[in-house]
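Engineer: Attaching a predicted model along with its sequence, questions to come.
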Amino acid sequence: MTKVAVVKADSYDPQVVEQAMAEIMTEFGGMSQFVQPGDRVLVKPNLLEGVDKGKCVTTHP
């Protein structure tokens with residue numbers, strides 16, 4: 001079974017994004033479920049930019 005989690009961040013402020021990432025990782029049982037000491041990891045959040053109603057939502061450039 002695939003598990004998906006979504007958390008809204010109201011801005012790209014580093015503290016807001018860090019808090020959102022912490023919430024996401026909690027949903028999956030914490031970072032230690034996936035990463036062990038010494039592992040190298042790249043986390044790429046999918047940042048979205050809101051647009052006027054009726055238009056498509058695009059990924060942030």
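Structural biologist: Cool, the structure landed.

Engineer: Could you pull up the residues touching the residue nearest to the spatial centre of the chain?
Structural biologist: In the chain, the residue lying closest to the centroid (C-alpha atoms, centre = their mean) is residue 45, at 4.3 Å. Neighbouring residues of residue 45 by C-beta atoms under 8 Å, 6 or more residues apart in numbering: 17, 20-21. All C-beta atoms are positioned from the backbone trio N, CA, C, and that covers glycine.

Engineer: go on, residue 4?
Structural biologist: By C-beta under 8 Å, 6+ apart, residue 4 lies in contact with nothing.

Engineer: and with 10 Å instead?
Structural biologist: Residue 4 makes contacts with 27-28, as judged by C-beta atoms under 10 Å, 6 or more residues apart in numbering.

Engineer: what's the answer for the one 3 residues further on, then?
Structural biologist: Neighbour list for residue 7: 17, 19-27, 45 [criterion: C-beta under 10 Å, 6+ apart].

Engineer: go on, residue 31?
Structural biologist: 21-22, 25, 39, 41, 43.

Engineer: Try it again at 7 Å.
Structural biologist: Residues near residue 31 by C-beta atoms under 7 Å, 6 or more residues apart in numbering: residue 25.

Engineer: Please report phi then psi for it.
Structural biologist: phi -60, psi -30 (degrees, to the nearest 10).
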